[in-house]
Each structure stands twice: as C-alpha cells, then as structure tokens.
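> Sequence and computational prediction follow.
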Amino acid sequence: MNIFLNASTSADQISPWFTILWMVALFAIFYLFLIRPERKKRKKESKMRDSVQVGDNITTIGGIVGRVIGIKENDKILILETGSEHTRIKIKKWAIGSVDTIHDDSD
C-alpha cells in the first residue's frame with residue numbers, strides 16, 4: 001500500500017517544464033524523421049516534373065510509358081505519344097512518375 005502512495009506523490013511532483021521539454025523533444029523527432037524528409041521528397045518531385053522537356057521519355061504514376069510531344073504550361077498538361085501506332089494522350093504534370101531521359105545540367 002505504501003508503494004502506490006509513493007508512486008502517486010512522485011507523479012504529482014513532475015515539473016511543468018519537464019512536460020513542455022518532453023513535448024518539444026517529441027515534435028523535434030517528428031520533424032526530423034517524418035516532416036523534413038517528406039518535404040525534400042516533394043520538392044525533388046516538383047523539380048523533376050517542372051524540368052520535363054519535349055522529347056523526354058516519361059513514365060506516369062499509372063504505368064503509361066511515352067514520349068512528350070507537347071507541353072501546355074498554362075494548363076500544366078503534357079501530350080504523350082505512346083505505342084507503335086503513335087497514340088496521343090493528354091496527362092496532367094502531377095501524374096508524372098519518372099523522367100527516363102537523362103539531361104546534361106551543365107549551365
């Protein structure tokens with residue numbers, strides 16, 4: 001009985017500063033391991049999608065593979081040509097999964 005009494009009194013003596021410090025530490029951990037890497041990933045994907053040029057081979061997030069034959073910047077739409085019959089498809093820029101063409105970025 002005496003053990004439970006001591007445990008409850010020690011829990012009452014925890015400083016509010018310790019609680020605040022604990023919350024700040026948890027937020028820092030979430031930021032370092034979840035938020036920051038996700039922001040970097042989104043920024044890299046955005047840069048990749050914005051650097052698409054006419055003539056690039058791309059793969060969409062749905063698995064469609066094709067060559068970019070036109071870009072409409074105001075609507076953020078790409079026109080792809082796929083297959084041996086040169087079928088044309090319009091897609092949104094956000095649907096680009098990867099750019100398979102390697103560019104020289106020497107400025």
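Arrived safely, thanks for sending.
> Below-threshold pLDDT in this structure: ranges please.
When residues are selected by pLDDT under 70, those of the chain lie in 1-12, 105-107.
> Just the element for the residue nearest the centre of the chain, please.
In the chain, the centroid-proximal residue (C-alpha atoms, centre = their mean) is Arg42; its distance is 3.1 Å. For Arg42, the element it lies in under DSSP states H and E is helix 36-50.
> Just checking, which helix or strand succeeds that helix along the chain?
According to DSSP H and E, the helix or strand after helix 36-50 is strand 57-60.
> Render the CA-only coordinates of that next one in CSV, please.
The C-alpha trace of strand 57-60 is given here as CSV (Å, rounded to 0.1, in the frame of the first residue of the first chain):
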residue,chain,number,x,y,z
ASN,A,57,10.6,9.7,-72.3
ILE,A,58,8.5,9.5,-69.2
THR,A,59,6.5,7.0,-67.1
THR,A,60,3.3,8.1,-65.5
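> Adjacent strands (with direction) for it?
According to DSSP bridges, strand 57-60 forms sheet pairs with strand 65-72 (antiparallel), strand 96-99 (antiparallel).
> Select, out of those, the one closest to Met48.
Met48 sits nearest to strand 96-99 of all those, at 5.8 Å, using C-beta to C-beta. C-beta coordinates here come from the backbone N, C-alpha and C atoms, glycine included.
> Quick one: distance of the closest one to the chain centre.
In terms of C-alpha atoms, centre = their mean, to the nearest Å, the centre of strand 96-99 is found 13 Å from the chain centre.
> now do stretch 14-29
Counting by C-alpha atoms, centre = their mean, stretch 14-29 comes out at 29 Å from the chain centroid.
> cool, and stretch 64-82?
That offset, for stretch 64-82, works out to 22 Å (C-alpha atoms, centre = their mean).
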